[in-house]
Every structure is written in C-alpha cells, then in structure tokens.
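> A structural model of the following input is requested.
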Amino acid sequence: MLSMASKTDTHPSKPQFDYAEVSIAVVGGLALALIAIFLCVVSLTGKTASGRDFVVYWATGQQLAHHANPYDTDALDRIEHTAGLPAVYGVLYMRNPPWDLILTLPLGFIGLRISALLWSLILAGCLVLCVRMVWIMHGRPPNRLHWLGYSFAPAMVCLFAGQTSLFALVGLVLFLRLHATRPFLAGASLWLCALKPHLFLAFGVVLLAWMIASRSYRILAGGMSALAVSCGLVYLIDPMAWTQYSQMIRKAGIDKEIIPCLGVALRTWINPNAAWIPYVLPALACVWALGYFLVHRRTWSWMNEGSLVMLVSIVMAPYCWMFDQSLAIPALLQGAYTTRSRVLLTVLAFTSVAIQIALVAKVRINSPFYLLIAPGWLAWYLFATHRGRYSAGDGAVSGDRLT
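Numbers count the residues shown, from 1 in each chain. The predicted model follows:
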C-alpha cells in the first residue's frame, strides 16, 4: 500500500482545462484585434468616418465653429451628406442636451478624417480607463475577468459608431471611484452622465435620496457647478442653443422611431402615437429604486446595490440603443467578480460574440432581436450575484479564480 501511494504521488494530476479562462481570453483578444483594425481603417482610409453617428457630432461642430444654428435642418443635411452619410438616414441631429455642445465645438476646426481618428482614439481610451478603474476598485484581482469589459459588445458598437455613451460610462465609473474620497470631483464627474440623462433616471432618484440621507452635499455642489459652467460656456458659444434645441426636438420625430427597448416596444404594442407611454416604465423604476434604497440605506454600497439600480435604469429607460448598454460594464464586472460559476462567465463572454456576429451579419440595430438583450444583462447579474459572493476583504474572487 505504501509503495503504491508513493508511486501515485510521483505523477501529479493533469491541470483541469479551464474553458472559462480560454473563452474570456479568446473573446478579449478578438475584440482588441477588431479595435486595432478599425482604428487602422479610420486612419488610413477614413471611409468609416462618414457612415457613423460620429458625422452628426462633426457636422454640429462645424455649425458651431461658424456661429450658426447647430440644429439647422438644411445645413446639417448638406454637411452630413456631403461628408458621405448615406442618404437613407435622412437628416440626423445631436439629441443630447445643449450643455453637451462644448464637446463638439473642437470638431468644427478639424477635418472629418482626422477628427474621426482622434474621436475614436478618445473613445477607446475611455473604455480602457473605465475597465481598468473597475478592476482597481475590485482590488486588482490577478485574473482576466476584466477582459470581459474590453470585449463587451455594446461598448464595441459604441466605439465603432462614434457614440458618446462611453463618455457617460467614464462619468459613472469616476463617481464610483471618487464618491467616498473626492466628493466634489465625484459630483463634477456626473456631468458626463448628463450627456445621456434618460439612462440614469432611476439611478438619479436614488443618488439624490442618498445625498440627502448621507448629507453628501459636496457631491451635489460638484455636479451643479459642472452643469452651471457647461451651460455658461454653451451660452457664450450659442446664446440661442436652448431655443434651437427645443425646436429641433419637436420636429426630430424621436417619438416615432422604432428603438429596441422595452419602453418603445410598449408604445408600439399599445398606441404608436402615444408619446408618453415609454415614460411609464421609468416612472415605475424610479418608485422601485427609491423603495430599494430605503430598505438598504444603512448598508448602501454604490458598487453592490448601485449596480442593480443602474441595470434597472438601463432596462427601463424611455429609449436605449445597443451602444447605450455600455453603462452596464461596472455592474456586469461586479457580477463576474462575485460569481464562482465558470458557466456564467462563459455565457457572458459568448453573448458578446453572438451580438457582434449579428451586427456583422447586418441584423438591423433596431431589430426586435436586440429587445431582450438589456433585460438579459439584468437577469445574468441577478443570477451571478445569487450564485456566490466573494469576501470583501479578499478583494478578488476566492477559490475558483481565473489566473
């Protein structure tokens, strides 16, 4: 018996194949390769610049640089289609609130090709910065789970389209990082979230209640200061911006668009002409979020409870495109660091791949196929956090970790 045991000990067991680690590595590597190829195409040919949402920001900047109306239909139509925007899109407007105009003004002094490359590099930097900050907030765990953030399909769509959702993601992550140590800066960073205010309705209600309950008035002061400064700068650039914006909103027809989110689907099913219907779900989400905060206020954590509220805000938003779901990255990474299930990690990785394949296969961005994706992130998060949690003192996934 002793000799047999000794013989067995001389042959160590073969390491178990870690399919979750391989999945994350492969998906992350492919995503980074796609980003590199995309940036090369933009810099060498510039062909992707005119067919992206970015051209709208560039056209708006051109108007501002010439002290013209940034929402002028005829001017935008001429600039966008001269730049190469396909005629099928019609006239596109920058629908973000006017305080966002300060982001587009510099684009008015740069050519389309160069500004598209710079804009893409900035967006890529925002994604890398956000994922790295979330990784640091989780204690720098020695694994590849953060690669799930780099390869997250909505973030890739946002980068390729040239959308501003990744700027809003920076604001969210900076708030999570700074709210306990640099409250004024944390509040100022929320200005970036105000680029897409409709995505933060439930989150904003809880944030306001939390600031009052915890007397975090420096955060409120930081946010109001940043908003006031941006509005002042916009007034100097275009004193009529708010009037022009309100006129644009009335004729832009966003209440008629088919957007793959629950609020718009509800409007389509009940009454396509009822513009108020998409706001029913956000109202319900705000009521739920406030109640959820009141129950958990004594142990409130923006990384834990806040993640769930943010996901609910995204799912119940009055309108939300695929690229807007980039804001789910902090919550999904928090769920990834919480769960011990390799299957769940693999599912998250390959869901991103499936979405990217659908986009490459030219499944329309407003297709009903995408309707359940945002609720899917929420369901995945709930299941992941229910399946297992790591010790807060460990700062990383305990036991079953990806090295």
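> okay but residue 376 is in contact with residue 354, surely?
No: applying Cβ atoms under 8 Å, one finds residue 376 not in contact with residue 354, separated by 10.6 Å. Every residue, glycine included, has its C-beta placed from N, CA and C.
> which one of those two is surrounded by more residues?
Neighbours were counted for residue 376 and for residue 354 using other Cβ atoms under 10 Å; residue 376 has more, 17 against 11.
> what's the closest non-adjacent residue to that one?
residue 351 (7.1 Å; Cβ to Cβ, 6 or more residues apart in numbering).
> neighbours around the one you found, how many?
Residues lying near residue 351 (other Cβ under 10 Å) number 17.
> what's downstream of the strand or helix carrying it, the next helix or strand?
For residue 351, the host element (DSSP states H and E) is helix 342-360. Downstream of helix 342-360, the first helix or strand assigned by DSSP H and E is helix 373-387.
> which parts of that next one are buried?
373, 374, 376, 377, 378, 380, 381, 384, 385 (16 or more other Cβ atoms under 10 Å).
> what of stretch 344-364?
Buried residues in stretch 344-364, counted by 16+ other Cβ under 10 Å: 344-349, 351-353, 355-356, 358-359.
> state the mean pLDDT of it.
Across stretch 344-364, pLDDT averages out at 78.
> just the C-alphas of it, formatted as CSV.
In CSV, the C-alpha atoms belonging to stretch 344-364 read as follows (Å, rounded to 0.1, in the frame of the first residue of the first chain):
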residue,chain,number,x,y,z
LEU,A,344,-21.9,32.0,-16.3
LEU,A,345,-18.6,33.6,-17.2
THR,A,346,-18.5,31.7,-20.5
VAL,A,347,-22.1,32.7,-21.2
LEU,A,348,-21.3,36.3,-20.7
ALA,A,349,-18.3,36.1,-23.0
PHE,A,350,-20.0,34.4,-25.8
THR,A,351,-23.1,36.5,-25.6
SER,A,352,-20.9,39.4,-26.6
VAL,A,353,-19.6,37.4,-29.5
ALA,A,354,-23.2,36.4,-30.6
ILE,A,355,-24.2,40.1,-30.7
GLN,A,356,-21.1,41.1,-32.7
ILE,A,357,-21.8,38.3,-35.2
ALA,A,358,-25.4,39.6,-35.5
LEU,A,359,-24.1,43.0,-36.3
VAL,A,360,-21.6,41.8,-38.8
ALA,A,361,-24.4,39.8,-40.4
LYS,A,362,-26.2,43.1,-40.8
VAL,A,363,-29.1,42.4,-38.4
ARG,A,364,-30.5,45.9,-38.2
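> what's next to stretch 217-237, contact-wise?
For stretch 217-237, contacts defined as Cβ atoms under 8 Å, 6 or more residues apart in numbering pick out 64, 98-102, 105, 179, 183-191, 194, 211, 241.
> name the residues of stretch 288-302 that are buried.
Within stretch 288-302, the residues that count as buried by 16+ other Cβ under 10 Å are 289, 290, 292, 293, 300, 302.
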